[in-house]
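Peer 1: Pasting a predicted model and its sequence here:
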Amino acid sequence: MKEDELRKNTQCSICGNKIGANFNCDFFIINIERYTIDFRAVQKQDHLAGFLNSSVLANVMGTNEDMAKKCGSARLVVCFDCYMENPISDKANLV
Ligand SMILES: [Zn+2]
C-alpha cells in the first residue's frame, strides 16, 4: 500500500481511532458486498429442473444466469483491536 492509499485508511471504521493509536499497526480492510436473491431466476431454474425431473440436468442445460444480484458494497478499515473483538475474526482466520 502506497502512502496516498495509506493516508485514506488511517481511521478505524468501527471505533474511529487512528490506526496505530494503540501501538499495534496491523489493520484490516474488509470489503463487503450485498447481494439479493433473484427469485425470478431461481424460479426459472426450478421450473426447468421440474420439467427435466433433474436439478443436475437443469444445471447443465439451463442458462446459468446469476441467482443472486449485487445490490451494494462497502469498504471498512478496521483496527486490530476492533477486529479481534468482532466475531468476524473467528470466521476470517487471518491472525
Ligand atoms: Zn477500531
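Peer 2: Everything's here; your move.
Peer 1: make it CA atoms for all contacts and neighbour counts henceforth
Peer 2: Will do.
Peer 1: Now do the helices in this protein.
Peer 2: Under the criterion DSSP state H, the chain contains helices at 3-7, 39-52, 55-61, 80-85, 88-92.
Peer 1: among these, which is nearest the ion?
Peer 2: Ranking the helices of the chain by proximity to the ion (C-alpha to the ion) places helix 80-85 first, at 4.3 Å.
Peer 1: Contacts only, for residue 58.
Peer 2: 45, 48, 49, 52 (C-alpha atoms under 8 Å, 6 or more residues apart in numbering).
Peer 1: who wins for most neighbours among those?
Peer 2: Counting neighbours by other C-alpha atoms under 10 Å, residue 45 comes out on top of the contacts of residue 58 with 21 neighbours.
Peer 1: so what's it up against?
Peer 2: Residue 45 touches 58, 59, 62, counting by C-alpha under 8 Å, 6+ apart.
Peer 1: residues in contact with the residue most central in space within the chain?
Peer 2: With distances taken as C-alpha atoms, centre = their mean, residue 32 lies nearest the centre of the chain, 3.7 Å away. Shown in contact with residue 32 (C-alpha under 8 Å, 6+ apart): 73, 74, 75, 76.
Peer 1: What residues does the chain have near the ion?
Peer 2: 12, 15, 79, 82 (C-alpha under 5 Å from the ion).
Peer 1: that older thread, farthest-separated two in the contacts of residue 58?
Peer 2: With distances taken as C-alpha to C-alpha, the most widely separated pair in those is 45 and 52, at 10.5 Å.
Peer 1: how distant is the lowest-mean-pLDDT helix or strand in the chain from the center of its chain?
Peer 2: The weakest-scoring helix or strand in the chain, judged by mean pLDDT, DSSP states H and E, is helix 88-92 (a mean of 72). Chain-centre distance of helix 88-92: 12 Å, with C-alpha atoms, centre = their mean, to the nearest Å.
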